[in-house]
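*Asks:* coords below, sequence missing:
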């Protein structure tokens, strides 16, 4: 499932909803890994009030689908979902949810992280922050690996 | 939060319950990573009907706490939960939930996986499978890294 | 005709709407930038032709959609 | 006195309850195994003294809890 959503979502309801729609996962998927990215109220030491998420419709869908398909090819996944917010977002709101299911845990951990890193480096989304004074475009993403 | 539970649990309710009990996570934790291990109905090509999970009370608590504390020391985590089933488990039942929260995603991904691998190699739990014919103790865990 | 799109900070700088440009023979994606933006391309600008990432020397054909945008910043944290 | 515990397949093999053994001077964890199990230790048996993993040559003191168990198989998948 790949979705770009302009309304707030609750990842901990979206995951069981996906599972309910894919009952074959229940006894076959021994492992599920999930990542949720949430808007913080601080960035680069400045308080952020709201975030506006812009994207390139068409290209976003296409790239998220390509990322998901590549992950399904590289790891024996039984299911994968990517859900990404657009529009106006407030502190504490989830921005992105990536969840994957597999028989064993190595594939789940690795595919979940791969999808998230690929999404951050390739999917055409942009963030504009509203600060106490003025606005600014976020210029680049934080690194995804600590080394 | 570290808990050994003898009743079935729903990880997708436990995670938001933990978040609700730790409201400071809401706008500070930009990243959360979760892993759920679930009982499959097949193992080593044989149908498994039920699983009995035994543990070493006292030592289990102590080791899960040590694993959580080591993860909190190695990564800048804002929260961490480990929940593990014991007793009789059926296919589709969650067995283990590990969830962590941090400001940025690298720490969340890495700490979640570290906790899970350390748990599998050190925490004193044992599984006995009930097959169509007879029972067997699971002798060793599957590898956690694909390479 | 070539359809030109700018996103995020480039959209604010060069106009919110889509822009249609006449195709000139041998036109590259960089040529589209020059014709549409009228100034040198800043560093780090990403380019897409028909929804796929390309380099500036990529040839442009009639009916193409060419997009310019800053580094992507999706996801969170 | 030393309290001895077996878990999982070892518990089924050597008895479900806890076992109390008299402490002998200079006793190691391996000696506790020999006294409690009465046979050579199988490969891959793990040992704990007072809830911490130890090796067989670890010295035992009065009041210790010594546990023997097979490789752990917690988690899932």
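*Replies:* Received the coordinates, thanks. Just so it is clear, the model here is predicted, and its values are computed rather than measured.

*Asks:* which residues touch the closest residue to residue A:136 other than its chain neighbours?
*Replies:* Of all residues beyond its chain neighbours, the one nearest residue A:136 is residue A:129 (5.5 Å), with distances taken as CB to CB, 6 or more residues apart in numbering or on different chains. Using the backbone N, CA and C atoms, a C-beta is placed for each residue, glycine as well. Remark: with contacts taken as CB atoms under 8 Å, 6 or more residues apart in numbering or on different chains, residue A:129 is in contact with A:43, A:46, A:48, A:50-51, A:135-138.

*Asks:* can you list those in JSON lines and add pLDDT?
*Replies:* Formatted as JSON lines, the entries for these read as follows, by pLDDT from 0 to 100:
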{"residue": "A:43", "pLDDT": "82"}
{"residue": "A:46", "pLDDT": "84"}
{"residue": "A:48", "pLDDT": "90"}
{"residue": "A:50", "pLDDT": "94"}
{"residue": "A:51", "pLDDT": "95"}
{"residue": "A:135", "pLDDT": "92"}
{"residue": "A:136", "pLDDT": "92"}
{"residue": "A:137", "pLDDT": "93"}
{"residue": "A:138", "pLDDT": "91"}
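
*Asks:* Tell me the one among those nearest to residue B:91.
*Replies:* Set against residue B:91, the nearest of the contacts of residue A:129 by CB to CB is residue A:51 (41.9 Å).

*Asks:* Surely the closest one is in a helix?
*Replies:* No - under DSSP: H, G, I helix; E, B strand; the rest coil, residue A:51 falls outside any helix and is assigned strand.

*Asks:* so what's it bridging to?
*Replies:* The partner list for residue A:51 in beta bridges (DSSP bridges) reads residue A:89, residue A:129.

*Asks:* measure residue C:57 to chain B for me?
*Replies:* Computed as CB to the nearest CB, to the nearest Å, the residue C:57 to chain B distance reads 34 Å.

*Asks:* Quick check: nearest residue in space to that residue, chain neighbours excluded?
*Replies:* In space, residue C:57 comes closest to residue C:28 once its chain neighbours are excluded; the distance is 5.4 Å by CB to CB, 6+ apart.

*Asks:* That neighbour against residue C:61, yeah?
*Replies:* No - taking contact to mean CB atoms under 8 Å, the distance of 11.2 Å between residue C:28 and residue C:61 leaves them out of contact.

*Asks:* Within the helices and strands, which one has the residue in chain A sticking out farthest from the centre?
*Replies:* The centre of chain A is farthest from one residue, residue A:133, which by CA atoms, centre = their mean lies 28.6 Å away. Mapping residue A:133 onto the secondary structure by DSSP states H and E places it in no helix or strand at all.

*Asks:* do residue A:114 as well
*Replies:* Per DSSP H and E: residue A:114 is located in helix A:105-122.

*Asks:* for that helix, packing partners?
*Replies:* Here helix A:105-122 is seen to pack against strand A:31-38, helix A:59-74, strand A:77-85, strand A:94-102, strand B:31-38, helix B:105-122 when contacts are counted using 3 or more CB pairs under 8 Å, 6 or more residues apart in numbering or on different chains; DSSP states H and E.

*Asks:* So which elements touch the first one?
*Replies:* Secondary-structure packing of strand A:31-38 (3+ CB pairs under 8 Å, 6+ apart): helix A:11-21, strand A:94-102, helix A:105-122, strand B:31-38, helix B:105-122.

*Asks:* Quick check: bridge partners of the residue minimising distance to the centre of chain A?
*Replies:* To find the centre residue of chain A, average its C-alpha atoms and take the closest one (CA atoms, centre = their mean): that gives residue A:96, at 3.1 Å. For residue A:96, the beta-bridge partners under DSSP bridges are residue A:37, residue A:84.

*Asks:* My guess is it contacts residue B:32. True?
*Replies:* No - the criterion here is CB under 8 Å, and residue A:96 misses it with residue B:32 at 11.1 Å.

*Asks:* any common contacting residues for the two?
*Replies:* Each of A:35-36 lies in contact with both residue A:96 and residue B:32 under the rule CB under 8 Å, 6+ apart.

*Asks:* Parallel or antiparallel, list what pairs with the helix-or-strand element of chain A with minimal mean pLDDT.
*Replies:* Ranking every helix and strand in chain A by mean pLDDT, DSSP states H and E puts strand A:42-43 at the bottom, with a mean of 83. Applying DSSP bridges, strand A:42-43 is found paired with strand A:46-55 (antiparallel).

*Asks:* could you list every residue that touches the residue nearest to the centre of chain A?
*Replies:* Counted by CB under 8 Å, 6+ apart, residue A:96 has contacts A:35-37, A:82-85, A:116, A:119, C:74-76.

*Asks:* Just give me the closest of those to chain D.
*Replies:* The shortest approach to chain D among the contacts of residue A:96 belongs to residue A:35, at 18.0 Å (CB to the nearest CB).

*Asks:* Can you give me every residue that contacts that closest one?
*Replies:* A:96-99, A:112-113, A:116, B:31-34, B:105, B:108-109.

*Asks:* which residue sits closest to it in space, ignoring its chain neighbours?
*Replies:* For residue A:35, the closest residue by CB to CB, 6+ apart turns out to be residue A:98, at 4.8 Å.

*Asks:* From chain D, how far off is residue A:47?
*Replies:* 40 Å.

*Asks:* for residue A:139, that is, sorry about that
*Replies:* 40 Å.

*Asks:* For residue 36, give me its contacts.
*Replies:* All of this refers to chain A. A:11, A:94, A:96-97, B:31-34.

*Asks:* Actually, chain C is the one I wanted.
*Replies:* If you count contacts by CB under 8 Å, 6+ apart, then residue C:36 has C:4, C:6, C:14, C:19, C:21, C:68 around it.

*Asks:* I'd say the third one and residue C:7 touch.
*Replies:* The reference is to residue C:14. No - between residue C:14 and residue C:7 there is no contact, the gap being 10.2 Å when judged by CB under 8 Å.

*Asks:* between these two, who's got more neighbours?
*Replies:* Neighbour comparison, residue C:14 and residue C:7: the larger count goes to residue C:7, with 21 against 18 (by other CB atoms under 10 Å in any protein chain shown).

*Asks:* Does the more buried one touch residue C:71 like I think?
*Replies:* No - checked against CB under 8 Å, the pair residue C:7 and residue C:71 is beyond contact range at 11.1 Å.

*Asks:* quick revisit: neighbour count winner among residue C:28 and residue C:61?
*Replies:* Neighbour tally, residue C:28 and residue C:61, criterion other CB under 10 Å: the higher count belongs to residue C:28, 18 against 10.

*Asks:* coming back round to it: so what does the residue nearest to residue C:57 look like in phi/psi?
*Replies:* The main-chain torsion angles of residue C:28 are listed as degrees, to the nearest 10 and equal phi -110, psi 170.
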